[in-house]
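Asker: Structural data only, the sequence is not supplied:
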């Protein structure tokens with residue numbers, strides 16, 4: 001038996017109301033149709049915690065490879081936009097979109113670079129960058145906070161890769177276009193722009209990869225570009241794979257963290273009682289970051305590709321069908337989370353959410369994202385006596401079914417009477 005349709009309106013997922021507040025749709029799906037198909041696209045929305053966990057455990061049935069994405073076609077109907085699948089020479093799927101054994105090769109190579117030593121080493125520079133960006137924002141008369149939310153993760157990505165700090169504005173631009181291909185709302189003009197940017201990114205990263213290969217560092221603090229260049233030299237990966245891994249860092253480490261920070265600061269601007277609590281109990285800030293990550297999940301979903309005839313939730317699936325694992329819905333599943341729509345700083349297991357994925361594909365950069373959000377929160381509280389949404393302004397989210405990211409966040413703020421040095 002086929003799964004039911006997710007909506008009588010096949011475009012509901014793409015419409016402004018769902019972009020602005022997808023949780024209303026997700027709540028209905030959890031309650032009525034936990035597995036539901038999108039028209040005749042072969043895409044199935046998976047909205048409950050238990051079903052998502054089951055799908056993740058069935059790697060033989062459901063592949064992480066990204067071979068196509070859901071979009072609206074020229075007639076504005078939902079359709080699958082096929083993506084290049086790569087070959088032995090050109091690997092498209094890396095890390096989060098790779099299956100075993102390739103996934104293990106990629107992860108074992110880069111995982112050590114994302115250990116506790118890196119998080120500790122990043123604490124000081126991230127604080128400097130956050131403090132600098134926030135003070136510049138205050139000195140400029142405050143206003144839109146999004147540039148601050150975007151530049152800090154962009155600089156971190158550059159630092160991790162070992163790229164010139166002076167190119168941070170490029171990294172910011174490249175990070176923010178990373179999720180466009182998954183947004184579901186691309187037109188030919190935007191696709192052409194993205195194609196051009198991919199060429200620029202590839203040329204830029206290729207030059208730095210080649211230079212790293214000519215003067216390899218093998219110490220534990222070596223930037224990721226040197227790790228990737230060593231992998232190429234040792235034959236563990238080829239050059240194209242190294243470049244795709246490096247490119248992935250911009251979206252995975254840049255856009256997602258910028259979204260997390262923006263969503264966090266929105267909450268601070270709207271919830272004065274939360275600000276009061278955090279000012280008095282700084283030790284609660286990490287818990288606050290986890291709650292924002294759960295409530296306003298930066299990446300709404302990831303795809304899985306059906307490998308063979310099988311069933312999920314009692315409904316038939318066939319090779320080539322796709323699952324859309326709705327992380328943002330699972331994070332508010334009342335069957336898993338008490339008071340799922342409430343921000344609570346007293347949860348027994350604050351990290352018990354799927355914002356950073358789960359299982360073998362758990363995000364390797366999660367500790368860094370948490371670090372960045374915590375530090376931005378600390379520095380913003382230190383630098384201001386008050387912060388609030390600017391009256392008469394509207395929140396603008398990226399027009400994306402995938403990314404929950406603010407494009408504009410107009411604020412008013414009162415600088416602190418004394419600033420930390």
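Answerer: Looks like it arrived, so ask away. Since the structure is predicted, the reported quantities are computational estimates derived from the model, not experimental observations.
Asker: Please parse this protein into its domains.
Answerer: Domain segmentation of the chain under automatic domain parsing yields 1-80+301-349, 100-299+355-421.
Asker: export those domains to a markdown table and tack on distance to residue 93?
Answerer: Just so you know, the C-beta spots here come from the backbone N, C-alpha and C atoms, and that holds for glycine as well. Shown next, in a markdown table, are the domains of the chain (distance: least, C-beta to C-beta, whole Å):
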| stretch | distance to residue 93 |
| --- | --- |
| domain 1-80+301-349 | 5 |
| domain 100-299+355-421 | 7 |
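Asker: Quick one: these as a markdown table, columns for mean pLDDT, mean neighbour count and distance to residue 94 too.
Answerer: Listed next are the domains of the chain as a markdown table, based on pLDDT from 0 to 100; neighbours: other C-beta atoms under 10 Å; distance: least, C-beta to C-beta, whole Å:
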| stretch | mean pLDDT | mean neighbour count | distance to residue 94 |
| --- | --- | --- | --- |
| domain 1-80+301-349 | 96 | 17 | 10 |
| domain 100-299+355-421 | 93 | 18 | 5 |
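Asker: Heading C-terminal from the helix or strand where residue 378 lies, find the next helix or strand.
Answerer: Using DSSP states H and E, residue 378 maps to helix 366-383. Toward the C-terminus, helix 366-383 is succeeded by strand 384-389 as the next helix or strand (DSSP H and E).
Asker: Note down every partner strand of that next one and its orientation.
Answerer: Sheet pairing for strand 384-389, assigned by DSSP bridges, gives strand 410-415 (antiparallel).
Asker: Run the angle between the partner strand and helix 366-383 for me.
Answerer: Angular relation of strand 410-415 and helix 366-383 on a 0 to 180 degree scale: 60 degrees, by axes from the mean of the first three to the mean of the last three C-alpha atoms, to 10 degrees.
Asker: Let me see the residues that make contact with strand 410-415.
Answerer: For strand 410-415, contacts defined as C-beta atoms under 8 Å, 6 or more residues apart in numbering pick out 138, 142-145, 265, 269, 383-391, 393.
Asker: now residue 355, nearest residue through space, not along the chain?
Answerer: residue 293 (4.3 Å; C-beta to C-beta, 6 or more residues apart in numbering).
Asker: wouldn't that neighbour be in contact with residue 260 here?
Answerer: Yes: counting by C-beta atoms under 8 Å, residue 260 is a contact partner of residue 293 at 6.0 Å.
Asker: what sits opposite residue 387 in the beta ladder?
Answerer: Residue 387 has these beta-bridge partners by DSSP bridges: residue 413.
Asker: residue contacts, it?
Answerer: Counted by C-beta under 8 Å, 6+ apart, residue 387 has contacts 265, 268, 269, 275, 380, 411, 412, 413, 414.
Asker: Relative to residue 147, how far out is the last one?
Answerer: With distances defined as C-beta to C-beta, to the nearest Å, the gap from residue 414 to residue 147 amounts to 20 Å.
Asker: mind checking the longest helix of this structure?
Answerer: With DSSP state H setting the assignment, residue counts place helix 188-214 as the longest helix in the chain.
Asker: which secondary structure elements does it contact?
Answerer: In terms of contacts (3 or more C-beta pairs under 8 Å, 6 or more residues apart in numbering; DSSP states H and E), helix 188-214 is packed against helix 168-176, helix 224-234, helix 239-249.
Asker: mind checking which of these is nearest residue 332?
Answerer: Checking the helices and strands packed on helix 188-214 against residue 332 by C-beta to C-beta gives helix 168-176 as the closest, at 25.9 Å.
Asker: residues in contact with that closest one?
Answerer: 150-151, 153-155, 157-158, 163, 197, 201, 204, 250-251, 253-255, 258, 405.
Asker: ranges for the strands of the stretch 201-350 of the chain?
Answerer: 301-306, 310-312, 315-317, 322-326 (DSSP state E, counting those that start in this stretch).
Asker: so how far is the second one from its chain's centroid?
Answerer: Spelled out, that is strand 310-312. How far strand 310-312 lies from its chain's middle: 28 Å, per C-alpha atoms, centre = their mean, to the nearest Å.
Asker: again with stretch 369-388
Answerer: Distance, centroid of stretch 369-388 to centroid of chain: 20 Å (C-alpha atoms, centre = their mean).
Asker: now stretch 139-153
Answerer: For stretch 139-153, the distance to the chain centre is 19 Å (C-alpha atoms, centre = their mean).
Asker: Could you give the separation of stretch 29-40 from the chain centroid?
Answerer: 24 Å.
Asker: Stretch 11-31 now?
Answerer: With C-alpha atoms, centre = their mean as the basis, stretch 11-31 stands 19 Å off its chain's centre.
Asker: ok, and what's touching that stretch?
Answerer: With C-beta under 8 Å, 6+ apart as the contact definition, stretch 11-31 has outside contacts at 6-7, 9, 36, 38, 45, 47-48, 70, 72, 76-78, 184-185, 300, 326, 328-329, 332-334, 341, 395, 397, 399-401, 404.
Asker: can you pull out the helices in the stretch 1-150 of the chain?
Answerer: Using DSSP state H, counting those that start in this stretch, the helices assigned to the stretch 1-150 of the chain run over residues 16-20, 23-32, 49-57, 102-110, 116-139, 146-161.
Asker: could these be laid out in a markdown table, adding distance to residue 312?
Answerer: Output for those, formatted as a markdown table (distance: least, C-beta to C-beta, whole Å):
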| stretch | distance to residue 312 |
| --- | --- |
| helix 16-20 | 23 |
| helix 23-32 | 14 |
| helix 49-57 | 6 |
| helix 102-110 | 22 |
| helix 116-139 | 36 |
| helix 146-161 | 34 |
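Asker: closest to residue 307 out of those helices?
Answerer: Between the helices of the stretch 1-150 of the chain, helix 49-57 lies closest to residue 307; by C-beta to C-beta that is 11.8 Å.
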